[in-house]
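Asks: Predicted coordinates and the sequence they were generated for:
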Amino acid sequence: MTLRLAVTGLTGQVVSALIERAGKDVEITALGRPQLDLGMRNAVLASLRHARCDAIINAAAYTAVDKAESEAEVAMRVNGAGAAHVAEAAAELNAPLLHLSTDYVFDGTLDRPYREDDPTGPTSAYGRSKLAGEEHIRGIHPNHAILRTAWVYSPFGANFVKTMLRLGETREEVGVVADQLGNPTNALDIADALLVIARRLTQDPAPSLRGVVNLTGQGDASWADLAEATFEIAEQCGRRPVRVRRIATADYPTPARRPANSRLDNTKLAERYGVVLPPWRQSLEGCVTRLLREKAR
Ligand SMILES: NC(=O)C1=CN([C@@H]2O[C@H](COP(=O)(O)OP(=O)(O)OC[C@H]3O[C@@H](n4cnc5c(N)ncnc54)[C@H](O)[C@@H]3O)[C@@H](O)[C@H]2O)C=CC1
């Protein structure tokens, strides 16, 4: 049976990946600005009411992590109140809500991958706004899955991997932070997982399928590891080599403080939904070769 999904956002990485990955049996209605602005309650309610759907995916967000430090109110309006508006609409429509959240809800001081019920403690305005969104959703609409992902890259939009490939065109060496650990995640893999989870939620009312679930690529890396792997793959595709100079967070000051340990434990994702994302290097290879192929055209 056709699964009808209403998705917030028009051009984001996850939205674009969902549009690309949706098969014949999935119908996607993407809703974004100016028609749907997450910060505007009436517009969110009206747009989602209008879209006939079986489930809602809230994939739009204020994602400028550093800028959020000086625009905390805007971030809170979009990621906090905005998530509440989407939850209200989902409750009204009696539709499951899949909401994307982030590793940045944690402070990064734990010495193992974070589990869903570990205490949160965001260190940035972005992280606080995303945590507020999670809390609103929990209070408004129990029929939800909050999917915490991390370090998202893809062939679409702006992301770290695309930035590295761009820098590699003109530089022989790039300095990259080596003391933050996380799970690089391809938005196309997120999309595949979201499609499985959305279908399950529409078919199965089990409370064990609801709540917070981590959703990241398999395996850990530092930003420097991710950059090195990107350049290695690019070199195999004929690009000239680029060296990565491994630097410390302290040597690369940014407005937002990021967690040193962002790793997320994906056990629950596998147990509840039978979903396991591919190892990060494998997914990275698909993305980098595609980007270079598309550029060569
Ligand atoms: N990019 C990353 O590394 C990570 C992303 N996430 C979360 O995953 C989700 C998807 O992220 P991406 O696709 O990478 O984001 P993105 O930055 O590629 O796309 C965000 C989309 O939201 C839209 N948007 C922004 N403000 C809006 C508003 N007020 N009303 C309506 N639309 C608005 C933008 O136009 C864009 O289409 C977000 O919830 C994000 O917080 C979580 C962890 C890491």
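Replies: Yes, it's here. Residues are numbered from 1 along each chain as shown.

Asks: interface residues of the stretch 101-250 of the chain facing the ligand?
Replies: Residues of the stretch 101-250 of the chain lying near the ligand by C-beta under 6 Å from any ligand atom: 102, 130, 149-152, 157. C-beta coordinates here come from the backbone N, C-alpha and C atoms, glycine included.

Asks: Max pairwise distance over those: which two?
Replies: 130 and 157 (17.9 Å; C-beta to C-beta).

Asks: re earlier: any chance of the residues of the stretch 101-250 of the chain next to the ligand in TSV with neighbour count, pLDDT and distance to residue 209 as columns?
Replies: What follows is those, written out as TSV (neighbours: other C-beta atoms under 10 Å; pLDDT from 0 to 100; distance: C-beta to C-beta, whole Å):
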residue	neighbour count	pLDDT	distance to residue 209
102	27	98	21
130	31	98	22
149	24	98	18
150	22	98	21
151	25	98	25
152	24	98	23
157	17	93	29
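
Asks: which stretches of the chain form helices?
Replies: Using DSSP state H, the helices of the chain run over residues 13-21, 41-50, 72-75, 82-93, 125-140, 160-170, 187-203, 223-236, 267-273, 280-296.

Asks: In the chain, where is pLDDT below threshold?
Replies: Counting by pLDDT under 70, the chain has no low-confidence residues at all.

Asks: residue of it with the smallest distance to the ligand?
Replies: Proximity to the ligand, evaluated over the chain using C-beta to the nearest ligand atom, is greatest for residue 12 at 2.4 Å.

Asks: wait, doesn't that residue sit right on residue 60?
Replies: Yes - the pair residue 12 and residue 60 qualifies as a contact (C-beta atoms under 8 Å) at a distance of 6.0 Å.

Asks: So for these two, which residue has more residues nearby?
Replies: Of the pair residue 12 and residue 60, residue 60 is the one with more neighbours under other C-beta atoms under 10 Å, namely 27 against 23.

Asks: From residue 47, how far out is the more buried one?
Replies: 11 Å (C-beta to C-beta, to the nearest Å).

Asks: what do you get for residue 293?
Replies: For residue 293 relative to residue 47 (C-beta to C-beta), the value is 36 Å.

Asks: Repeat that for residue 188.
Replies: Distance of residue 188 to residue 47, given as C-beta to C-beta: 26 Å.

Asks: Those two: who's more crowded?
Replies: Neighbour count, other C-beta under 10 Å: between residue 188 and residue 47, residue 188 has more, with 24 against 19.

Asks: Count the neighbours of the closest residue to that one other than its chain neighbours for me.
Replies: Spatial nearest neighbour of residue 188, excluding adjacent residues (C-beta to C-beta, 6 or more residues apart in numbering): residue 17 at 4.7 Å. When neighbours are defined as other C-beta under 10 Å, residue 17 has 24 of them.

Asks: Surely residue 17 and residue 187 touch.
Replies: Yes - if you go by C-beta under 8 Å, residue 17 and residue 187 touch, sitting 4.0 Å apart.

Asks: joint contacts of those two?
Replies: 154, 156 (C-beta atoms under 8 Å, 6 or more residues apart in numbering).

Asks: Report the beta-bridge partners for residue 145.
Replies: For residue 145, the beta-bridge partners are residue 98, residue 211 (DSSP bridges).

Asks: residues touching it, list them.
Replies: Residues in contact with residue 145 (C-beta under 8 Å, 6+ apart) are 96-99, 197, 201, 209-213.

Asks: And it, how close does it get to residue 3?
Replies: From residue 145 to residue 3 the distance is 15 Å (C-beta to C-beta).

Asks: Show the contacting residues for the spatially closest residue to residue 285 that is not a sequence neighbour.
Replies: Spatial nearest neighbour of residue 285, excluding adjacent residues (C-beta to C-beta, 6+ apart): residue 233 at 5.3 Å. By C-beta under 8 Å, 6+ apart, residue 233 lies in contact with 284-285, 288-289.
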